[in-house]
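>>> What follows is a predicted protein model with its sequence.
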Amino acid sequence: MTLKIGVIGTGAIGQEHIGRLHGKLVGSTVVAVNDINLENARVVAERLCPSASVHATGQALIDSPEVDAVVVTSWGPSHEEFVLASIAAGKPVFCEKPLATTAEACQRIVEAEIAAGRQLVQVGFMRRYDAGYRQLKEVVASGRIGAPLLLHCAHRNPSVPAHYVGDMGITDTFIHEIDVLRWLVDDDYVSAQVIEGKKSRHALNDLSDPYMIVLKTRSGVVIDTEVFVNCQFGYDIQCQVVGEDGTASLPEPATVPMRQASQAGRALLMDWKLRFIDSYDVELQEWVQATTEGKVTGPTAWDGYFAAVTSDACVEAKRTGQIVPITTMDKPDFYR
Ligand SMILES: NC(=O)C1=CN([C@@H]2O[C@H](COP(=O)(O)OP(=O)(O)OC[C@H]3O[C@@H](n4cnc5c(N)ncnc54)[C@H](O)[C@@H]3O)[C@@H](O)[C@H]2O)C=CC1
Ligand SMILES: O=C1[C@@H](O)[C@H](O)[C@@H](O)[C@H](O)[C@H]1O
């Protein structure tokens, strides 16, 4: 069976996902697209999936009988509307991160999915599919470095566009660590602290950059992460787990070691698209397979909700300079 997919949002990652769902992966085809910029949707369809219909609204795409499943790659503030509409239509939906921009909105999605009686929602936390993170998780779970005590992490982007403002360092960027690190150590967070310091001269407008975020988990693991989105030198993701008996680190992406012009070294990637290209493929291939079998096997609406609660706590911690507790509703049996 071939899963017929409708994609809402034909911007940067929308185009990436259309490319893989229509031409690269097995068992899927893109039959419909939509974007508030309709002309852009038409141009993208023409280039990547010429037989797809271009719908005037996201709702029309979701309602279309030709669409079996929905992929939401529009801006964060529109996610709630499209995910709720997909649930109401009884259609599986893959939503890029964040699931929604507030914890309240994510809670509404969780409640709607429970009321619908079956899991339909997967969130685009692709790092769980990255070969390096999967290897690191295996090492941690094997007990070879003993129980994890501390994590030292960094999320560095070379630069960000002018529309990247305010707390996006948390809600758009650090949200990846929020999800992948609780999955990595199989633990949940209980508090957040944000430490701001000297601002880089490369940070535009009101953007505070860089800063440190410290999360503490239920079992007491302390996780520090540097968020630095104007670091200039590369797209650089770091994660080191310090255990009772040793340390384990996220492998560096494989790039060619070079000796040239009196220097020895290797190139750094400059772009998230390249750094996680394989994980997006694995993520969406597993989603297509699971959706065809009527299951959700990846990050759920609950994971999206938990990430949003944590992200809200980090935003509050940044605003107040205080250590902010992280409290969620009880995890429903539906997600156990
Ligand atoms: N998993 C990952 O590594 C990544 C995830 N993302 C997430 O994907 C989403 C999109 O990000 P980008 O592609 O970078 O942004 P973008 O700005 O390149 O594209 C977003 C597209 O959505 C369209 N759009 C916005 N509101 C809409 C609405 N109500 N209905 C239909 N179309 C609408 C815009 O016109 C635009 O074409 C965001 O939630 C972002 O956080 C983005 C980059 C990487
Ligand atoms: O999801 C992503 C972007 O939306 C975000 O803006 C970047 O900071 C992240 O590194 C990238 O993975």
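Received it, and whenever you're ready, just let me know what you need. Residues are numbered from 1 along each chain as shown. Ligands and ions are numbered 1, 2, ... in the order given.
>>> Around ligand 1, pick out the residues from this protein.
For the chain, the residues in contact with ligand 1 (Cβ under 6 Å from any ligand atom) are 8-14, 34-37, 40, 58, 73-76, 78, 96-97, 124, 126, 172, 272, 276. In short, each C-beta sits where N, CA and C put it, glycine included.
>>> Just give me the neighbour total for the closest residue to ligand 1 within the stretch 201-336 of the chain.
Residue nearest to ligand 1 within the stretch 201-336 of the chain (Cβ to the nearest ligand atom): W272, separated by 5.3 Å. Look at W272: counted by other Cβ atoms under 10 Å, it has 17 neighbours.
>>> Nearest residue to it in space, ignoring adjacent ones along the chain?
Y235 (5.7 Å; Cβ to Cβ, 6 or more residues apart in numbering).
>>> so the residue of the stretch 201-336 of the chain closest to ligand 1 touches N157, yeah?
Yes: using Cβ atoms under 8 Å, W272 is in contact with N157, at 7.4 Å.
>>> shared neighbours, these two?
Residues touching both W272 and N157 (Cβ atoms under 8 Å, 6 or more residues apart in numbering): Y235.
>>> what's near enough to touch A154?
Listed by Cβ under 8 Å, 6+ apart, the contact partners of A154 are 225-226, 228, 236-238.
>>> whoops, A12 was the one
Counted by Cβ under 8 Å, 6+ apart, A12 has contacts K273.
>>> Could you report the pLDDT at it?
Listed pLDDT for A12 reads 94.
>>> With G23 instead?
At G23, the model reports a pLDDT of 87.
>>> Can you report how many residues lie near the nearest residue to it once chain neighbours are set aside?
The shortest distance from G23 to any non-neighbouring residue, by Cβ to Cβ, 6+ apart, is to L48 (7.5 Å). A total of 22 residues lie near L48 under the criterion other Cβ under 10 Å.
>>> Confirm that G19 sits in a helix.
Yes: counting by DSSP: H, G, I helix; E, B strand; the rest coil, G19 is part of a helix.
>>> any idea how far it is from D281?
Applying Cβ to Cβ, to the nearest Å, the value for G19 to D281 is 10 Å.
>>> From the residues of the chain next to ligand 1, which land in helices?
Counting by DSSP state H, those place 12-14, 40, 58, 272 in helices.
>>> Convert the C-alpha atoms of stretch 117-130 to PDB, please.
Output of stretch 117-130 as PDB, limited to C-alpha atoms (Å, rounded to 0.1, in the frame of the first residue of the first chain):
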ATOM      1  CA  GLY A 117      -9.800   7.000  21.100                       C
ATOM      2  CA  ARG A 118      -6.600   6.300  19.100                       C
ATOM      3  CA  GLN A 119      -3.100   7.700  18.700                       C
ATOM      4  CA  LEU A 120      -2.800   9.700  15.500                       C
ATOM      5  CA  VAL A 121      -0.100  12.300  16.300                       C
ATOM      6  CA  GLN A 122       3.700  12.100  15.900                       C
ATOM      7  CA  VAL A 123       6.000  15.000  16.600                       C
ATOM      8  CA  GLY A 124       9.100  15.700  14.500                       C
ATOM      9  CA  PHE A 125      11.800  15.200  17.100                       C
ATOM     10  CA  MET A 126      14.200  13.600  14.700                       C
ATOM     11  CA  ARG A 127      17.200  13.400  16.900                       C
ATOM     12  CA  ARG A 128      15.800  10.200  18.400                       C
ATOM     13  CA  TYR A 129      16.400   8.700  14.900                       C
ATOM     14  CA  ASP A 130      20.000  10.000  14.600                       C
END
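>>> buried stuff in it?
119-130 (16 or more other Cβ atoms under 10 Å).
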